[in-house]
Each structure stands twice: as structure tokens, then as C-alpha cells.
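> requesting a structural model of the entry that follows:
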Amino acid sequence: MILASPNFVISVPTCPAHKPTKKPYRLHSHTTLSKSNQLSDPKSSESTSIIINDQSRTCECFDLYKDLVPYGKAWDWQKKIVREKKALIEKKEDCLDTLIILQHLPVYTLGTGSSEEYLNFDIKDAPYDVYRTERGGEVTYHGPGQLVMYPIINLRNHKMDLHWYLRALEEVVIRVLSSTFSIKASRLEGLTGVWVGDKKVAAIGIRVSQWITYHGLALNVNTDLTPFHSIVPCGIRNRQVGSIKGLLGEFQPFTGCGKADVPHSNDCQLIDITHSSLIKEFSEVFQVEILHKTIPMTEFVETTPISSLTKKLS
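You can find the predicted model right below:
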């Protein structure tokens, strides 16, 4: 199998959502507690308050939400940040929380224990790049029109509880859908992610190393859902995948919270509106102050090509 990654970020207008161009298959593999915490009940669709820290922390935000970032480069970047945070912790120094927001070039990703039975194609002739990662969960698709958030935070400064962390990520999306689009979303007992009826609009897969989180959540905004037909998303056969754009189309006419006429906004505006709401709700749920930072483009731009390596998928 060939291990290779593109060495660039593509900056593109995010409207309209388009069907990604297929490409030859390439397989990739890299192999302090708060006093009060409240979460929505997993069986409930209602969003409730979450109290996390008595004092707000700072979260640096690298915002590439209008860019299509190669998955492998973003993954390497996350792991580099995790290593930096671990080094600071070993020195007994504090480290800021980090949030990365972006869109990906078309890609399929598998969790550490994902089964290839959920791929509806010959793995030697995959329509897009395929990565096996160290996150939890089964196979999913990332692509244009989907906003991806990678929180890299020290749970020692929030709550050292993975169940709580997953529910908090879900809470962010539930609040976005409710407050911005008047869409009533919910959790489903026994399943991770955010649902509207039987449609999954946000997938969550995380990895935690020494209480430092990475990977995160993916919210379908105006995503072309066709690539999901080539997989069994998250290994769940009896449910569908949805998007905010699709849901708004189903629920028209729509008037929400004094907002502009969102359903008639173009796809660029829908991405912008959703992005702003995600930042706001993440800040409130995790009780952090967002500090926007300059994007270190050297993380993505190489002056020399990356050599191709051969590596089997384990």
C-alpha cells in the first residue's frame, strides 16, 4: 500500500457544495475537576446548561474553515500539538487549550478497530484516500461542506471523564442546531453523535492520550452525501446521514430566532453561519475564551515533496 499525502492546503470558496472528484486509491496509516457539571440527558433532545469551570480558560483557535485541508497533514498537526502539550505538562507548565476548525479534501477514515466490512468497495480500488487512524469509532467520510472541529484540550483542566467529554461535544452541536436553525436534535441511547430523527448530522470520534484529547467532531452542513453511500457510516446500517442544508429544505418555511432567512441563504452563508455558531457554542459549553491565532502555514506547505513509502494496513 502507498503512504503519501498532499502537501498543500486548497483555499476555495465553500459555495456551492460540490461533488468531489474521485482519485486513485491510496491507503494511509499512522499508526483539575470542575465543581459542577450538567449535561443533557442522553435520551432527551433538549439542550440544557453545562457548567464546566469556575473560571474561563483561554483556547487558541486555528481557523481554516474556508480551506480544504488534506487529512494526513491535519492529523500530523494534531499529533504535533499533543506532543507539545505533553512536554509542557511534564515540565509542570500550563498549556492553552487548542481548537482547529477546517474542511477536508474527500477522504474516508477508519477508527483503530474499524472493520473493512463496512466499506462498500474494493479497498484496492477505493474512490478516495483511506486512512486508518487511532480514534474510536467506525468508518466515516470527510469532504467539502462538512465543518470539522478538532479540540486538543487537557481534560485535567475540565473533567477527567471521557463519557462527559463525548456528551459535551454532542452538546455543542445540539445547541448550534437549536439556537441558530430551530432544529430539534437529540442523542440516541447507545450511539455517539447527534441525530435529527433517524438522520445522523454529526459524527464524533476521539482519541485521548494522557488526558489530552484529539480528533473530534464532523458536522454535515451542505455536504454532498453521495460518498456516504459507499460505506456503512459509523457501522450503523439502519439509519441515514443528514445535513443542515437538507434538514432546512425539509422544514421550510423557516423563521428562527430573528435570524436572517437562513434556508434561502447560499451555501457560503450557510457555512459561515454554522461556523460562527460552532465557535460560540464551543466557547460556552467548555467555558473557554477563544483566542484566534495566525495559521502556521508551514504545517501544510512543504518546499520538497514527501517521499512515497510502502506500508501495510495493520
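
> any chance of the backbone angles for T98?
When read as degrees, to the nearest 10, the backbone of T98 gives phi -130, psi 140.

> sorry, slip of the keys, the one I care about is I153.
Dihedral angles for I153 - degrees, to the nearest 10 - are phi -130, psi 160.

> could you check how far it is from T294?
Distance check for I153 against T294: by CB to CB, to the nearest Å, it reads 20 Å. The way it works is simple: take the backbone N, C-alpha and C, and place the C-beta from them, glycine included.

> quick one: which of these two has more around it?
I153 (23 against 7; other CB atoms under 10 Å).

> residues in contact with that one?
I153 is in contact with 59, 97-98, 212-213, 286, counting by CB atoms under 8 Å, 6 or more residues apart in numbering.

> tell me how many other residues crowd the nearest residue to T133 once chain neighbours are set aside.
Excluding the flanking residues, the one nearest T133 by CB to CB, 6 or more residues apart in numbering is T109, at 5.4 Å. T109 has 25 neighbouring residues, counting by other CB under 10 Å.

> distance-wise, check T109 relative to E84.
Distance from T109 to E84, by CB to CB: 23 Å.

> before we move on, what about W75?
Taking CB to CB, one finds W75 at 15 Å from E84.

> so these two - more neighbours on which side?
W75 (22 against 14).

> sketch out the low-pLDDT regions of the protein for me.
Applying pLDDT under 70 to the chain flags residues 1-55, 251-265, 296-314.

> looking at it, which strand is longest?
The longest strand of the chain (DSSP state E) is strand 57-69.

> for that strand, packing partners?
If contacts are counted by 3 or more CB pairs under 8 Å, 6 or more residues apart in numbering; DSSP states H and E, strand 57-69 sits against strand 10-11, strand 97-104, helix 267-285, strand 288-292.

> tell me which of these is the most buried.
Across the helices and strands packed on strand 57-69, averaging neighbours per residue (mean count of other CB atoms under 10 Å) puts strand 97-104 on top, at a mean of 23.

> what angle separates it from helix 267-285?
160 degrees (axes from the mean of the first three to the mean of the last three CA atoms, to 10 degrees).

> look up which residues are beta-bridged to I206.
H215 (DSSP bridges).

> so what's it up against?
135-136, 162, 165-166, 169, 213-216.

> buried ones in the longest strand of the chain?
Buried residues in strand 57-69, defined by neighbour count with 16 or more other CB atoms under 10 Å: 57, 59-69.

> name the strands paired with that strand and say parallel or antiparallel.
Here, using DSSP bridges, strand 57-69 pairs with strand 10-11 (antiparallel), strand 97-104 (parallel), strand 288-292 (parallel).

> give the next helix or strand downstream of that strand.
helix 71-90 (DSSP states H and E).

> so how far is that next one from its chain's centroid?
16 Å (CA atoms, centre = their mean, to the nearest Å).

> show me what it is packed up against.
Using 3+ CB pairs under 8 Å, 6+ apart: helix 71-90 touches strand 97-104, strand 129-132, strand 146-152, strand 212-220.

> that one versus strand 97-104: what angle between them?
180 degrees.

> buried set for helix 71-90?
71-75, 77-79, 81-82, 85-86, 89.

> ok, stretch 187-201 next?
Buried, per 16+ other CB under 10 Å, within stretch 187-201: 187-188, 192-196, 199-201.

> redo the helices and strands packed on helix 71-90 as TSV? Include distance to I231.
What follows is those, written out as TSV (distance: least, CB to CB, whole Å):
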stretch	distance to I231
strand 97-104	15
strand 129-132	10
strand 146-152	14
strand 212-220	14
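
> closest one to S114 among those strands?
S114 sits nearest to strand 129-132 of all these, at 7.0 Å, using CB to CB.

> which SS class is the residue lying closest to T112 once chain neighbours are set aside?
The spatially closest residue to T112, leaving aside those adjacent along the chain, is E134, at 5.0 Å (CB to CB, 6+ apart). For E134, the assignment made with DSSP: H, G, I helix; E, B strand; the rest coil gives coil.

> E134 is in contact with S114, isn't it?
No. E134 lies out of contact with S114 (CB atoms under 8 Å); the separation is 10.9 Å.

> the more surrounded of the two?
S114 (22 against 17).

> next one: phi and psi at the more buried one?
Torsion angles, degrees, to the nearest 10, at S114: phi -60, psi 150.

> give me the distance between it and I123.
12 Å.

> likewise for L155?
L155 is 35 Å from I123, by CB to CB.

> higher neighbour count, these two?
L155 (18 against 13).

> contacts only, for the more buried one.
Contacts of L155 (CB under 8 Å, 6+ apart): 161, 165, 208, 211-213.

> noted, bye for now.
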